[in-house]
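Chemist: Build the 3D model from these lines:
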Amino acid sequence: MLWRAASCALAALAPVSGLALADQPRLALPLSCEIGKTCWVQQYFDHDPSGGVKDYACGSQSYDGHDGTDFRVRDTSSRVDVIASAAGTVMTVRDGMPDRLTRGAEDEQAIASLECGNGVLIAHGGGWETQYCHLRRGSVLPQVGEAVSQGQKLGEAGYSGLAAFPHVHLALRKDGKAVDPFRSGDEGEACGAPQYPLWTDDVLAALPYARSDIIGQGFAPGAVKLDMLEEGRFRGAPEAEWPAMTAYMWAINLEPGDTIRVTFEGPEGIFATTDVTLDRAKAQYMLFAGKKRPPGGWPKGLYRGNLEITNAGRQRLSQSWQSTIE
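Modeler: Residues are numbered from 1 along each chain as shown. Next up, the predicted model:
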């Protein structure tokens, strides 16, 4: 069965112009989630045809040739519905590909020509279509030829195909050409606010451009690795018998020059801090600070974690969290 690739050649990218607003789709969010709490925009559409990277706000939250918008969920244990952004007719579906995070060349080779993974392609009339990629195996619901309504469940966000994190890749096309729903037309080289956006008003209001986001924080019973967070291993509150305790943070789309500081504090003068300054952009990053358990166990009381991200002396992000051992 013919399946359109998740990426289009940059030569095909062009703004849509000369169309009445009524002829263009108005897209709903492709996930049943709350932006900034249970889902985030990890990567935007790339507008730079030269081999560099430029999202609609002239930032770098994309990668070369990225022809859609990636809405991520927190980790691989997250069960979030993928829904149709607009009403239409299902043209193609695929299911059965395993969910496996892409972590190297071997993983990439294993899904060559199947980068979209499990997904759905919907035609909306007038040459418009949307494609939904990386759905969870076994979750795809619609059949080819089925009419779907806006907001109808298509499946669940997963990490099939070429996926370094669990998400849905939403691609919008007009007559086969990729279109950015944040910037369907251009007026010069202006950056910042969306131009001719194709989202519904409520979605657009919920999607202000965010240079970086904190997607997780908490306490863990020892050293933390990124794959532990990606797999959703940490749940629950600190316990008195933990062999160690760390406060950790997890953020996306960090920038060169960002200084990240994580602080861990507890009763009876317990204190630890870790900081690092990034020399390059990071699509996602984890940092923790902590201590081994004292000889008498963790004392009762309040434990706090704190995160601060600064750049060139200016605070960009901050977060605090706490828990009590009774």
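Chemist: Can you report how many residues lie near residue 321?
Modeler: Using other C-beta atoms under 10 Å, residue 321 is surrounded by 15 other residues. (Each C-beta comes from the backbone N, C-alpha and C, glycine too.)
Chemist: Figure out the helix or strand that it lives in.
Modeler: Using DSSP states H and E, residue 321 sits within strand 314-325.
Chemist: Check which residues of that strand are buried.
Modeler: 316-317, 323, 325 (16 or more other C-beta atoms under 10 Å).
Chemist: from those residues, which single one is nearest residue 192?
Modeler: Distance to residue 192, by C-beta to C-beta, is smallest for residue 316 among the buried residues of strand 314-325, at 17.4 Å.
Chemist: surely that closest one meets residue 214?
Modeler: No. The criterion here is C-beta atoms under 8 Å, and residue 316 misses it with residue 214 at 10.5 Å.
Chemist: still on that earlier bit, can I get the buried residues of strand 314-325 in JSON lines including distance to residue 198 and pLDDT?
Modeler: Output for these, formatted as JSON lines (distance: C-beta to C-beta, whole Å; pLDDT from 0 to 100):
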{"residue": "316", "distance to residue 198": "29", "pLDDT": "96"}
{"residue": "317", "distance to residue 198": "29", "pLDDT": "96"}
{"residue": "323", "distance to residue 198": "43", "pLDDT": "97"}
{"residue": "325", "distance to residue 198": "50", "pLDDT": "96"}
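Chemist: Nearest to residue 42 among these?
Modeler: Nearest to residue 42 among the buried residues of strand 314-325, with distances taken as C-beta to C-beta, is residue 317, at 15.8 Å.
Chemist: Enumerate every residue touching the closest residue to the closest one other than its chain neighbours.
Modeler: Nearest residue to residue 317, sequence neighbours excluded (C-beta to C-beta, 6 or more residues apart in numbering): residue 309, at 4.2 Å. Counting by C-beta atoms under 8 Å, 6 or more residues apart in numbering, residue 309 touches 212, 251, 254, 258-261, 315-318.
Chemist: Would you point out the most distant pair within the residues you listed?
Modeler: With C-beta to C-beta as the measure, no two of the contacts of residue 309 lie farther apart than 212 and 261, at 14.7 Å.
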